[in-house]
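Enquirer: Kindly generate the corresponding structure for this input.
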Amino acid sequence: MKEKYGDILVNQLPNHVVQCEINRPPNNFFDLALIKDLADCFDDLDENNDCRAIVLCAKGKHFCAGANFETPGQKPEGDVLAAESADQRNPIYTEAVRLFGNKKPVIAAVQGAAVGGGFGLAMMADFRVVCENTRMTANFVKLGFTPGFGLTHTLARVIGIQKANLLFFTGRRINGETALEWGVADVFAQVSEVRESAIALAQEIAENAPLALISLRQQLRPGLREAVQAATDREGREQYYLTRTEDHKEGVKAVAARRVGNFVGK
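Expert: Presented below is the predicted three-dimensional model:
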């Protein structure tokens, strides 16, 4: 088993659990390379008989603070500007869709921020462990565009249409307690124990028959990869246009300055 896929560190743990750690502290911003490396890692773990469950975690303050809109003059690598036209699939979403087709159950240990596409990455997992400093937000509208990473499908699938719509339309963030109450999260732990709690849940799952686990996951997630593909195709088209507006430029400035955007509808 490889120990590293780009900035993804891989560690075989006892009792058939594999830990995959995003190593871009403190914010763990994602880009095309990171998601591709993670998808390649998951593909290999599908063929690893000593892996029955995966813990997805991150080194540093935040689980994944989304795409990097904060560095002046730097194009956000997670942005749909990676696509050359509205009809072309965003390469980052092509890689993201691969994650939804893997066989092994995934438990995400979410400390700090899971923002935008980072929230989408957390929702890719089967289960989420959160803590007192967790904050989750699909803040796309504050940036002048609309959700991606399949969130328009995955979030409503877990917490229902109304709660998902509330998060999408307001761009508000929720903390760990609310995430647990709403069903976004499955386990609440102290921040110092969030990873250990995720590992414990993974080991509880991995002690069971591996073929039954794979079969069960397929039965409980029928057509999920195809649904996420359709969602990201639609999301990518909308994002392509919206990220070329003046409101998007204003949204990036407003979020960086921690103020309300002065949007004009252009």
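Enquirer: who's in contact with residue 232?
Expert: 89, 90, 93, 96, 97, 148, 149, 150 (Cβ atoms under 8 Å, 6 or more residues apart in numbering). C-beta coordinates here come from the backbone N, C-alpha and C atoms, glycine included.
Enquirer: quick one: buried residues of the helix or strand where it lies?
Expert: Element membership for residue 232 (DSSP states H and E) is helix 224-242. For helix 224-242, a neighbour-count test (16 or more other Cβ atoms under 10 Å) marks 224-225, 227-229, 231-232, 235-240, 242 as buried.
Enquirer: returning to what we had before: write the PyMOL selection for whichever of the contacts of residue 232 are buried.
Expert: Only the buried entries of those go into this PyMOL selection, using 16+ other Cβ under 10 Å:
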select buried, resi 89+90+93+96+97+148+149+150
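Enquirer: So for the contacts of residue 232, which is the shakiest by pLDDT?
Expert: When those are sorted by pLDDT, the bottom entry is residue 89 at 88.
Enquirer: That residue and residue 237, how far apart?
Expert: Using Cβ to Cβ, to the nearest Å, residue 89 is found at 9 Å from residue 237.
Enquirer: Run a quick check on residue 254 versus residue 142, I expect a contact.
Expert: Yes - using Cβ atoms under 8 Å, residue 254 makes contact with residue 142 at a distance of 7.0 Å.
Enquirer: what do the two both touch?
Expert: With Cβ under 8 Å, 6+ apart, residue 254 and residue 142 have common neighbours residue 261.
Enquirer: if we can go back for a sec, and of the contacts of residue 232, the nearest to residue 191?
Expert: residue 149 (24.6 Å; Cβ to Cβ).
Enquirer: Understood, closing this out.
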